[in-house]
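In: Got a sequence here, can you build the structure:
(chains A and B)
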Amino acid sequence: MLAVALAGLAALVVRLRGSGGTPPHQGGWRELAASELAPPAKP
Amino acid sequence: VRAVLVGLGAVGARAARQLLASPQVDHLAVLARKPVRSRGRSRELSGSFEVAELSPATLPAALRGASVTVLAAPGSQWVAQLSIDAGVPVVSASDRPDEVRALVAMDRQAQGRGLAVVAGAAMAPGLSCLLAAWASSRLDQLSELHIATLGTGGPQCAKRRHASLREPVEEWRDGRWARKAPGSGRELVWFPGQVGGADCYRLNRPDTFLLVRAFPGTSCVTTRAAASRRDRLTSWLPMLRPPHPEGTVGALRVEARGYRRGAAQSVVLGAAGRPALLAGTVAATAALRAATGQLRPGAGGLASLVPDPAAVLAELHDRGVQLSAFEGAPVNPAW
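Out: As a prediction, this is how the structure comes out:
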């Protein structure tokens, strides 16, 4: 019982403090325009 | 420009169409091992061209006054050698590692004559090299290149891919060559266009060799291709059914990893379309540039010989090649 309670407590802490989340839902492939195919300005 | 094209298969026919559509091309001499079999494809061409049988007797006459030789058939190294001897630049669409290495070995001859000998002017290698070169120009320091492809062009390309799934793979890892098992290293790759995701595996293709030559400072260069379980399981057998005349779905993904303004960055570029169409368009574009002296002298891939990959990509875009960039989240403000 103690082990189960400790495991549950640990899971709760990880669940509440975890930095995970759902995968990104934005972005993806974007077709390039001819004007974008220019050499970049190096700093 | 007077061009000589060897081979009128799926890629050769596409390259011929692109060349004949260009106002720069005055005449195209098509040489085929079996001209009778090429009749159907040659009927679809229009412009100033002739089809003849490829032989050691007919080639010298075709090379007389030629501006460039385009190789779109396997086993054409002897044609490349005769072209170089005749002072004619060479553009090869071959994706066979042995042929690419043989062409690159002609580097000294090509440099001595001030000629460009392009090894691998197709979808991969070819467009993959151009995208890698352009992606690397977006980074201050390039550390890794990862190429993935899906689909094949004509029957020769399909046979080559079948064989490459059973051959040992040379991969560039930690700045040195490492031998890997073919069909290993599964990775889920998301391609542009309608293709979506596909499991990709290591296979023996010359992209890695050409890219390491072009970018010797990279620590890792890998090449993968989409394959099914059946492809991998039957790779050691002869092909169970004849390859299709031309692949319909194809895609390419190039990922360059490195640093920009001190921060780790990755640039992901891609293209989608029929592989034979992409390969033929790249071969024709490279041929016109080689014929007009717009490539560096020497033998190598497009990443080594093209001084301005952005200009070539812009030309390919104008010719209908759909190029894409992958934008994850958060969106990179530099784009």
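
In: Model confidence for residue 21, exactly?
Out: In the absence of a named chain, this looks at chain A. Looking at A:G21, its pLDDT reads 58.

In: That was the other one, I meant chain B.
Out: 93.

In: What of B:V36?
Out: 77.

In: give me the element B:E167 is part of.
Out: Using DSSP states H and E, B:E167 sits within no helix or strand.

In: burial measure for the nearest residue to it once chain neighbours are set aside, as a count.
Out: Closest residue to B:E167 apart from its sequence neighbours, by CB to CB, 6 or more residues apart in numbering or on different chains: B:N204 at 3.9 Å. For every residue, glycine as well, the C-beta is placed using N, CA and C. The number of residues packed near B:N204 is 21, by other CB atoms under 10 Å in any protein chain shown.

In: residues contacting B:N204?
Out: Neighbouring residues of B:N204 by CB atoms under 8 Å, 6 or more residues apart in numbering or on different chains: B:P97, B:A163, B:S164, B:E167, B:P168, B:V169, B:E170, B:P182.

In: Up against chain A, what does chain B have?
Out: B:134, B:137-138, B:140, B:190, B:192-193, B:261, B:269-270, B:308, B:310-311, B:313-314, B:317-318, B:322-329, B:331 (CB under 8 Å from any CB of the partner chain).

In: same for the worst-scoring helix or strand of chain B on mean pLDDT, what does it pack against?
Out: Least confident helix or strand, chain B: helix B:39-43 with a mean of 79, by mean pLDDT, DSSP states H and E. The contact analysis (3 or more CB pairs under 8 Å, 6 or more residues apart in numbering or on different chains; DSSP states H and E) places helix B:39-43 against helix B:10-21, strand B:49-53.

In: before we move on, back to that, and the residues of chain B next to chain A, which of them are in strands?
Out: B:W190, B:L269, B:G270, B:Q322, B:L323, B:S324, B:A325, B:F326, B:E327 (DSSP state E).

In: Any chance of a PyMOL selection covering the buried ones in those?
Out: A single PyMOL command selects the buried members of these (16 or more other CB atoms under 10 Å in any protein chain shown):
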select buried, chain B and resi 190+269+270+322+323+324+325+326
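
In: Count the neighbours of the closest residue to chain A within the stretch 101-250 of chain B for me.
Out: Closest contact between the stretch 101-250 of chain B and chain A, by CB to the nearest CB, is at B:P192 (4.1 Å). When neighbours are counted by other CB under 10 Å, B:P192 registers 24.

In: Many thanks, we can stop here.
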